[in-house]
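In: What follows is a predicted protein model with its sequence.
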Amino acid sequence: MPSRAIFATQKVETSLSEIERIYNLQCFHECEVAKSTAKDRKDKLQKLWDVFMAHREDIREAAIRDRGNHQSETDLTEVWGVSHERKQVIGTELSPLT
């Protein structure tokens, strides 16, 4: 699968209609998420974590390219941060979104 990453050096033009289309999709999705159960949301977080970890090396390489970060710095600031937040959420009860 080709990479769709957009680097900071690339200029991207987005039309106002495209921005509005995406905003409307997000508004609709917010309502759908509000109807989901805590288990549904935890399952989605687990899937997101699995994808995140599957691309851990890509994340490290991007941080090195973009900011000159060392791998250990990326693990500490990016990977550990996401891991910590995930554990906090999955380890607690999620209340219904309102």
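Out: Perfect, I can see it now.
In: From here on, just use CA atoms for contacts and neighbour counts.
Out: Fine.
In: give the contact list for the closest residue in space to residue 71 that isn't next to it in sequence.
Out: Take residue 71 and drop its neighbours on the chain: the residue closest to it by Cα to Cα, 6 or more residues apart in numbering is residue 60, 5.7 Å away. Residue 60 is in contact with 70-71, 74-75, counting by Cα atoms under 8 Å, 6 or more residues apart in numbering.
In: what about burial for these, which qualify?
Out: Among the contacts of residue 60, those buried by neighbour count (16 or more other Cα atoms under 10 Å) are 74-75.
In: Nearest to residue 16 among the contacts of residue 60?
Out: Nearest to residue 16, judged by Cα to Cα, of the contacts of residue 60 is residue 74 at 34.4 Å.
In: In which helix or strand does the residue nearest to that closest one when sequence neighbours are not counted reside?
Out: Nearest residue to residue 74 in three dimensions, chain neighbours excluded: residue 60, at 6.0 Å (Cα to Cα, 6+ apart). With elements taken from DSSP states H and E, the one containing residue 60 is helix 56-67.
In: Now that helix - C-alpha only, CSV.
Out: Written as CSV, here are the backbone C-alpha positions of helix 56-67 (Å, rounded to 0.1, in the frame of the first residue of the first chain):
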residue,chain,number,x,y,z
ARG,A,56,5.8,2.2,15.5
GLU,A,57,9.0,2.2,13.3
ASP,A,58,7.3,4.5,10.8
ILE,A,59,6.5,6.9,13.7
ARG,A,60,10.0,6.8,14.9
GLU,A,61,11.4,7.4,11.4
ALA,A,62,9.0,10.3,10.8
ALA,A,63,10.0,11.9,14.1
ILE,A,64,13.7,11.6,13.1
ARG,A,65,13.0,13.2,9.7
ASP,A,66,10.7,15.9,10.9
ARG,A,67,12.2,16.9,14.2
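In: Sweet, I'm off.
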